[in-house]
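1. any chance you could fold what I've pasted below:
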Amino acid sequence: MIIKVILVRHGETEWNKKRIFRGRVDVKLNKKGIEQAKLLSRALSNLEIRKIYSSPLARAKDTAKVIADSHKLKVRVNKSFIDLDYGDWQGFSEKIVKEQYPHLYQEWKMHPQGVKIPGGESLRKVRVRAVQGLKRIVSREKEGTIIIVSHRVVGKVLICALLGLDNSSFWQIKLDTAAFSIFDYNYNNFVLTLHNQTHHLERKWEERCRKSEREKDF
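-> Got it, this is the predicted structure:
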């Protein structure tokens, strides 16, 4: 039987907006991020979701809770999907990191697979724990749809791993806030069926949904 795995990136935070490295800092969703989570929940409302897993950080948990509430499910927190530990970079803007760590930042942009951020962790470490966490989940499920709400880095390395790509492809994977990607899992094989879906965040789509709801209520 096929298990559908939906990988979700949390909604926007002020630190996303200001291009500040977040990592393990527990930044909450901003007003836009909360609205994105609601639109995301609406986009997934017609699916029969069995379970919803989340990183332990608030920006992911709060996004997951909005989705879970609409399906009357609880959020299952899983540390395997916590964000990359940015170590000494956490709390600093991209501009400051460029200035203070010019060579390492250049390596991060050009060869991310070989970088270990001072005081933090590498993409390899994130990949190992995230893949192990996902495999444990799918090994317990027989069928149905599960959602994992996590972070940009975790989502990107998971997608690379499931597609058989190494971490050098990290920057070739785009993952927007409140976007989702879908994999079908069957016989130890993951097949990507949808990637970085953001149609639910577009104004025209939102307006169509509201119009449909008004007509239904009438």
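2. any stretches of the protein with poor pLDDT?
-> Applying pLDDT under 70 to the chain flags the ranges 203-218.
3. all strands of it, in order?
-> 3-9, 49-54, 75-77, 144-150, 180-186, 189-197 (DSSP state E).
4. please identify which of those strands is closest to Gly23.
-> Closest of the strands of the chain to Gly23 is strand 144-150, at 13.0 Å (criterion: Cβ to Cβ). The way it works is simple: take the backbone N, C-alpha and C, and place the C-beta from them, glycine included.
5. contacts for the closest one next, please.
-> Here strand 144-150 makes contact (Cβ atoms under 8 Å, 6 or more residues apart in numbering) with 3-10, 44, 47-55, 60-61, 63-64, 67, 75, 78, 81, 83, 130, 134, 137-138, 158.
6. so can I have JSON lines of the strands of the chain showing mean neighbour count?
-> Below are the strands of the chain laid out as JSON lines (neighbours: other Cβ atoms under 10 Å):
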{"stretch": "strand 3-9", "mean neighbour count": "23"}
{"stretch": "strand 49-54", "mean neighbour count": "21"}
{"stretch": "strand 75-77", "mean neighbour count": "17"}
{"stretch": "strand 144-150", "mean neighbour count": "24"}
{"stretch": "strand 180-186", "mean neighbour count": "19"}
{"stretch": "strand 189-197", "mean neighbour count": "14"}
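7. just put those in a markdown table and tack on distance to Val115.
-> Formatted as a markdown table, the strands of the chain follow (distance: least, Cβ to Cβ, whole Å):
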| stretch | distance to Val115 |
| --- | --- |
| strand 3-9 | 21 |
| strand 49-54 | 26 |
| strand 75-77 | 28 |
| strand 144-150 | 20 |
| strand 180-186 | 24 |
| strand 189-197 | 23 |
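8. residues contacting Asn186?
-> Met1, Ile2, Ile3.
9. export those residues as TSV, with columns for distance to Phe170.
-> Shown next, in TSV, are the contacts of Asn186 (distance: Cβ to Cβ, whole Å):
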residue	distance to Phe170
Met1	32
Ile2	28
Ile3	25
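10. for the protein, which helix is longest?
-> Ranked by residue count and defined by DSSP state H, the top helix of the chain is helix 123-140.
11. residues contacting it, please?
-> 3, 5, 51, 53, 78-81, 84, 112-113, 115, 146, 148, 150, 153-154, 157-158, 160-161, 167, 170, 185.
12. now it: buried residues?
-> Buried residues in helix 123-140, counted by 16 or more other Cβ atoms under 10 Å: Leu123, Val126, Arg127, Arg129, Ala130, Val131, Gly133, Leu134, Ile137, Val138.
13. show me what the most centrally placed residue in the chain is bridged to.
-> Geometric centre of the chain, nearest residue: Arg9, 2.5 Å, by Cα atoms, centre = their mean. For Arg9, the beta-bridge partners are Ser150 (DSSP bridges).
14. repeat that for Tyr53.
-> Assigned bridge partners for Tyr53, using DSSP bridges, are Arg76, Ile148.
15. quick check: closest non-adjacent residue to Lys61.
-> Ser54 (5.0 Å; Cβ to Cβ, 6 or more residues apart in numbering).
16. again but with Leu39, I slipped
-> His200 (4.8 Å).
17. thought Ala43 was touching the one you found, still the case?
-> Yes: in this structure His200 lies within contact range of Ala43 using Cβ atoms under 8 Å: 3.6 Å.
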